[in-house]
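**Q** With the input below, show me the fold.
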Amino acid sequence: MLLLVIPCRVPAQWTFLDLPVESQQAQVMQRVGTTDISVTYSRPAVKGRTIWGTTVPYDRIWRAGANENTVITLSSDVTVEGQTLKAGTYGLHMIPTTSTWTIIFSTDHHSWGSFFHKPENDALRITVTPRPCPMTEHLSYTFDALTSSSAEMRLRWETLEIPVRIGVDVHAVVLARMEDQLKGLSAFSWEPWYEAARYCHDEGIGADKVMAWIDRSIALRPNFENQALKADLLDAAGGSTEAATLRRNMLEVATNGELNRHGYTLLQSGKHAEAVQAFELNAKRHPKDPNVFDSLGEGYMTVGNTNAAIKAFKKSLSMDPPEGVRANSIACLKKLGVDTSTTAKKNEPPAAAKGQQLRSCSSIQHPHESPDLLLNGDDLL
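**A** Just a heads-up that it's a prediction; the model follows:
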């Protein structure tokens with residue numbers, strides 16, 4: 001008898017052509033710091049089945065999805081549940097049990113499912129504990145519980161969730177890549193060197209490189225931003241005299257916009273008295289600009305000098321300011337308890353502007369008035 005062997009093809013499981021399949025492919029990506037973590041997988045459905053222990057047997061390796069390998073790609077080194085895993089692409093497999101699960105990261109990520117898995121290719125095995133979750137018809141991966149340096153990768157299917165905590169040494173990754181980023185075409189501009197120095201100074205890292213980077217930025221194009229940062233670096237290194245000289249020279253040539261931004265930078269860093277001095281200097285240099293008086297008023301509000309703040313805001317309003325400046329001055333006066341009904345009617349912004357968020361007055365914090373602050377602004381108004 002001649003037996004004909006005819007391949008039995010499962011519906012919607014195509015081998016040779018790119019055609020729709022039942023368990024559709026998906027991809028999810030999360031960035032942590034500057035590290036990209038992505039998972040590519042297929043999404044089977046529950047379809048009324050009992051999944052755990054039946055469709056997916058316990059104590060046997062499983063592809064953590066459907067069809068080809070579930071694949072995870074890491075753009076830099078990470079930790080998985082506290083254990084180190086190098087940057088790269090891995091086949092993701094799991095061994096379910098009735099209690100804890102084993103999560104496997106295999107250097108072989110090209111195979112079909114878990115049928116060809118070899119333990120010698122495992123880069124890492126970790127153990128996690130599953131937990132209940134709301135009914136999830138189609139298997140899914142998500143990244144949740146985000147922090148600045150970690151994310152929890154979660155597989156959800158049926159009513160079970162498998163959490164895997166992935167951590168990143170963000171500062172180490174940034175510093176390792178910084179040198180390469182400063183070798184491209186953009187390195188001929190002052191901005192990348194400034195950004196490198198600014199980030200590292202703000203985060204308290206790379207102290208051995210920051211001064212060289214800001215000097216390179218200044219050499220390419222000296223300006224208020226990079227020189228202000230150098231002054232801060234000099235202060236931090238104990239060079240307060242040199243820093244003071246640099247700041248004096250900067251302020252002598254600062255533009256209206258630079259002085260205004262400088263004042264707000266000082267406010268945000270808690271240097272309130274210095275911020276007011278910057279706003280006062282700007283008002284002296286640009287007495288016909290309503291915006292500088294609006295900013296000056298905000299500075300006075302911050303140090304608790306109410307009378308000077310009211311004068312500054314009224315000065316700004318008397319100069320027919322742009323709508324955004326006018327709205328901010330009126331809002332600040334209201335905060336100070338000033339009746340602005342007459343001013344508001346006279347200077348009512350158009351309807352389109354009413355719904356816009358005020359520029360900054362609504363976010364200013366007002367410390368209690370201090371007798372040590374001698375800033376009154378009377379000579380400016």
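**Q** neighbours around residue 59, how many?
**A** 10 (other C-beta atoms under 10 Å). All C-beta atoms are positioned from the backbone trio N, CA, C, and that covers glycine.
**Q** The one 3 residues further on now?
**A** For residue 62, the number of neighbouring residues by other C-beta under 10 Å comes to 19.
**Q** Could you check how far it is from residue 189?
**A** For residue 62, the distance to residue 189 equals 51 Å [C-beta to C-beta, to the nearest Å].
**Q** Going by residue numbers, what spans are helices in the stretch 101-250 of the chain?
**A** For the stretch 101-250 of the chain, the helices defined by DSSP state H, counting those that start in this stretch occupy 170-181, 190-203, 207-220, 224-236, 240-253.
**Q** in the first one, what counts as buried?
**A** So the one you mean is helix 170-181. For helix 170-181, burial by neighbour count (16 or more other C-beta atoms under 10 Å) applies to 170, 171, 173, 174, 175, 178.
**Q** which among those residues gets closest to residue 19?
**A** For the buried residues of helix 170-181, the residue nearest residue 19 by C-beta to C-beta is residue 173; the value is 40.3 Å.
**Q** Check the contact between that closest one and residue 32; I expect there is one.
**A** No. With contact defined as C-beta atoms under 8 Å, residue 173 does not reach residue 32; the gap is 9.1 Å.
**Q** Redo the buried residues of helix 170-181 as JSON lines? Include pLDDT.
**A** Output for the buried residues of helix 170-181, formatted as JSON lines (pLDDT from 0 to 100):
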{"residue": "170", "pLDDT": "97"}
{"residue": "171", "pLDDT": "96"}
{"residue": "173", "pLDDT": "96"}
{"residue": "174", "pLDDT": "95"}
{"residue": "175", "pLDDT": "94"}
{"residue": "178", "pLDDT": "92"}
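**Q** tell me the two of the residues you listed that are most distant?
**A** Across the buried residues of helix 170-181, the longest distance by C-beta to C-beta is 12.4 Å; it joins 170 and 178.
**Q** quick check, distance from the longest strand along the chain to the centre of its chain.
**A** Using DSSP state E, we find that the single longest strand of the chain is strand 150-167. Relative to the chain's own centre, strand 150-167 is displaced by 22 Å; criterion: C-alpha atoms, centre = their mean, to the nearest Å.
**Q** any idea of the angle it forms with helix 170-181?
**A** 90 degrees (axes from the mean of the first three to the mean of the last three C-alpha atoms, to 10 degrees).
**Q** could you pull out the strands for this structure?
**A** Going by DSSP E, the chain shows strands at 24-32, 35-43, 70-74, 78-80, 83-85, 88-95, 101-106, 122-128, 131-144, 150-167.
**Q** Dump those strands into JSON lines; add distance to residue 334 and mean neighbour count as well.
**A** Formatted as JSON lines, the strands of the chain follow (distance: least, C-beta to C-beta, whole Å; neighbours: other C-beta atoms under 10 Å):
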{"stretch": "strand 24-32", "distance to residue 334": "41", "mean neighbour count": "15"}
{"stretch": "strand 35-43", "distance to residue 334": "46", "mean neighbour count": "20"}
{"stretch": "strand 70-74", "distance to residue 334": "52", "mean neighbour count": "21"}
{"stretch": "strand 78-80", "distance to residue 334": "50", "mean neighbour count": "20"}
{"stretch": "strand 83-85", "distance to residue 334": "56", "mean neighbour count": "14"}
{"stretch": "strand 88-95", "distance to residue 334": "57", "mean neighbour count": "21"}
{"stretch": "strand 101-106", "distance to residue 334": "57", "mean neighbour count": "22"}
{"stretch": "strand 122-128", "distance to residue 334": "54", "mean neighbour count": "16"}
{"stretch": "strand 131-144", "distance to residue 334": "41", "mean neighbour count": "15"}
{"stretch": "strand 150-167", "distance to residue 334": "43", "mean neighbour count": "19"}
